[in-house]
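Q: sharing a model that was predicted from the sequence below.
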Amino acid sequence: MTRPLPERVVAAARQDFEVEVRETNAPMKPGEMRAALVLYDGVLPTLGDRFDADVFAESASPRCKVLANFGVGYNHIDVAAARDAGVAVTNTPGAVTDATADIALTLMLSVARRAGEGERLLRAGAWEGWHPTQMLGMHVTGKTVGILGMGRIGQAIARRCHFGFGMQVAYHSRSPKSLEFPAQHAESPEALAEAADFLVVAVPGGAETRHLVGASVLKAMGAGAFLVNIARGDVVDEAALVDALESGAIAGAGLDVYEHEPTVPDALKGMENAVLLPHLGTAALEVREAMGLMSVDNLRAALSGETPPNLVN
Ligand code: 8YV
């Protein structure tokens, strides 16, 4: 296990395996990853452990047979290189869906209703008392949400918006989906951005989606719209986002992820209309336990010669 994990997860793994838990929360270094491939039958890595092609290059047939990733996103692992080296890669879909959708709603509400800004004002002792035109934000109920990527998490966000907030739902994904709530398919990210009061990014990270939200999408959003990103930081061109916020091309942003985590541009930190969370998408004990137990199930299946339930390569 490449990080300390909740006790329940470690205990479940110990029932079937000899377990070593790496004691630091820092991402693994390339030398550690190469060594892990040689030393262990299975590795349970996570975000930040960059298992890229170079790491697999040195061991043609490593002892390690499975990387049971803790998390749904696996863009830090070169899955093709892993497959070529005979290493299965698995992830934890399902376990993260509701918690991540909840964080998307947290960000939508916080940025539109100026919750972060209000908290800072109050804590700074600058609140002069209620008045009818104090800190007016944007009313959320009934607005249009545009969801970029209508997978499990996108659908969970859409459901909350439709059933909870009476919002119109629009989305862009490679192909239209059959959904159990009304939703308009947009032909391009730009067309989606144009239609939306909130553009919510919910596509997987990776080369195909890098900078999918750049200057043209931000421009299409317009001055009244908010961007929310709960996916991966590099899906959004962060420099273009800073420009759009500084020039007033969009109204605000709610972010849980960043292009170069844990570095967050000072420009963003200085903006009142940016709500900035430290990658809290799944940060609840029961969710992290469910993710970990799912990883252990994948590990167990892969190491007993079965097809793991959540194989991605
Ligand atoms: C995880 C996430 O907690 O599951 C994911 O892909 O983004 C998070 O919510 C974290 O990234 C570990 O994978």
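A: Looks like it arrived, so ask away.
Q: any idea how many residues pack against whichever residue of the stretch 1-150 of the chain sits closest to the ligand?
A: Scanning the stretch 1-150 of the chain for proximity to the ligand using Cβ to the nearest ligand atom identifies residue 71 as nearest, at 1.8 Å. Where you see a C-beta, it was placed from the backbone N, CA and C, and this is true even at glycine. Residue 71 has 20 neighbours, counted by other Cβ atoms under 10 Å.
Q: thinking it is in contact with residue 95, fair?
A: No. Under the criterion of Cβ atoms under 8 Å, residue 71 is not in contact with residue 95, lying 9.1 Å apart.
Q: quick one, what contacts the residue positioned nearest the centre of the chain?
A: In the chain, the C-alpha nearest the mean C-alpha coordinate belongs to residue 231, at 3.1 Å (Cα atoms, centre = their mean). Residue 231 makes contact with 73, 149, 153, 201-205, 209, 257 under the criterion Cβ atoms under 8 Å, 6 or more residues apart in numbering.
Q: looking at those residues, which are in strands?
A: residue 201 (DSSP state E).
Q: in stretch 263-273, what's buried?
A: Buried positions in stretch 263-273, judged by neighbour count with 16 or more other Cβ atoms under 10 Å: 264-265, 268, 271, 273.
Q: now flag whichever of those is closest to residue 141.
A: Checking the buried residues of stretch 263-273 against residue 141 by Cβ to Cβ gives residue 273 as the nearest, at 20.1 Å.
Q: leaving out sequence neighbours, find the closest residue to that closest one.
A: residue 252 (3.6 Å; Cβ to Cβ, 6 or more residues apart in numbering).
Q: about what we covered before: got a list of what the residue of the stretch 1-150 of the chain closest to the ligand touches?
A: Residue 71 is in contact with 46-47, 91-92, 96, 282, 291, counting by Cβ under 8 Å, 6+ apart.
Q: will you turn the residues you listed into JSON lines that also has secondary structure, neighbour count and pLDDT?
A: What follows is these, written out as JSON lines (DSSP: H, G, I helix; E, B strand; the rest coil; neighbours: other Cβ atoms under 10 Å; pLDDT from 0 to 100):
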{"residue": "46", "secondary structure": "strand", "neighbour count": "23", "pLDDT": "98"}
{"residue": "47", "secondary structure": "coil", "neighbour count": "19", "pLDDT": "97"}
{"residue": "91", "secondary structure": "coil", "neighbour count": "26", "pLDDT": "98"}
{"residue": "92", "secondary structure": "coil", "neighbour count": "25", "pLDDT": "98"}
{"residue": "96", "secondary structure": "coil", "neighbour count": "23", "pLDDT": "98"}
{"residue": "282", "secondary structure": "coil", "neighbour count": "21", "pLDDT": "98"}
{"residue": "291", "secondary structure": "helix", "neighbour count": "26", "pLDDT": "98"}
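Q: which among these are in contact with the ligand?
A: Filtering the contacts of residue 71 for neighbours of the ligand using Cβ under 6 Å from any ligand atom leaves 46-47, 96, 282.
Q: tally of neighbours for the residue nearest to residue 103 when sequence neighbours are not counted?
A: Nearest non-adjacent residue to residue 103, counting by Cβ to Cβ, 6+ apart: residue 281, 5.0 Å away. Residues contacting residue 281 under the criterion other Cβ under 10 Å number 23.
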